[in-house]
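Q: For reference, the sequence and a predicted model appear below.
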Amino acid sequence: TNSRMLLQRRSSLSNMIQQALDGAAVIGITWVLVRLHYDDIGGPTSPYMVMLLLLLGILAVTYDRFAIYRNNAPFFDKSLNLLKAWTLTFLLLIVLAFLSKQSQVYSRSLIAQLYVIGYFTQLLLHYLVRTIYKKIILHSQQHEKVIIVGQCRLANHLNQKISSNPWIGEEV
């Protein structure tokens, strides 16, 4: 029961932190790229504000669909899911721009840079949050020893799940 409470706390706190970091990263990267592409203060920032709001809205839906913040999969699997969700978000954004006949308003170079830099920045942030939480949890609690009896598929699955989630405080 103690492990479950810790896992629930870890989930909600790290999810909130991760969502905030991802959102801040996307907003910050977009702002910097718009400023780099359009030096003058009166540059076309208004269309990019609309794009950013749409991007964040679509991002919330696709990240929820791909369980980006609910999944404690191994990091490689999580990075692939993040790539799929990020790519789908941009595809939907591009489709919306074409359907609304606004695609010519946006710099293709800026959108491509946002896609690449945004993905790798989020990947780095997910890695850092995961690493920091592992270190905090590993140092803050004593692990319970557990035994899995058997060598069937379920036993191997349980071993993998427990071993890849150090924040539940159990060691096989």
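A: That came in fine, so what should we check first?

Q: distance of L21 from L125?
A: Using Cβ to Cβ, to the nearest Å, L21 is found at 5 Å from L125. For every residue, glycine as well, the C-beta is placed using N, CA and C.

Q: Then K161?
A: In terms of Cβ to Cβ, K161 sits 24 Å off from L125.

Q: out of the two, which sits in the more crowded spot?
A: Between K161 and L125, counted using other Cβ atoms under 10 Å, the more crowded position is L125 (17 against 13).

Q: got a list of what that one touches?
A: 18, 21-22, 25 (Cβ atoms under 8 Å, 6 or more residues apart in numbering).

Q: Out of those residues, which end up buried?
A: 18, 21-22, 25 (16 or more other Cβ atoms under 10 Å).

Q: now, among those residues, which is nearest to I147?
A: Of all these, Q18 has the smallest distance to I147: 32.8 Å, by Cβ to Cβ.

Q: surely the closest one meets L128?
A: No: checked against Cβ atoms under 8 Å, the pair Q18 and L128 is beyond contact range at 9.8 Å.

Q: Report how many residues lie close to V149.
A: 6.

Q: Please tell me how far the closest residue to it other than its chain neighbours sits from A73.
A: Spatial nearest neighbour of V149, chain neighbours left out: A155 (7.3 Å); criterion: Cβ to Cβ, 6 or more residues apart in numbering. Distance, A155 to A73, using Cβ to Cβ: 19 Å.
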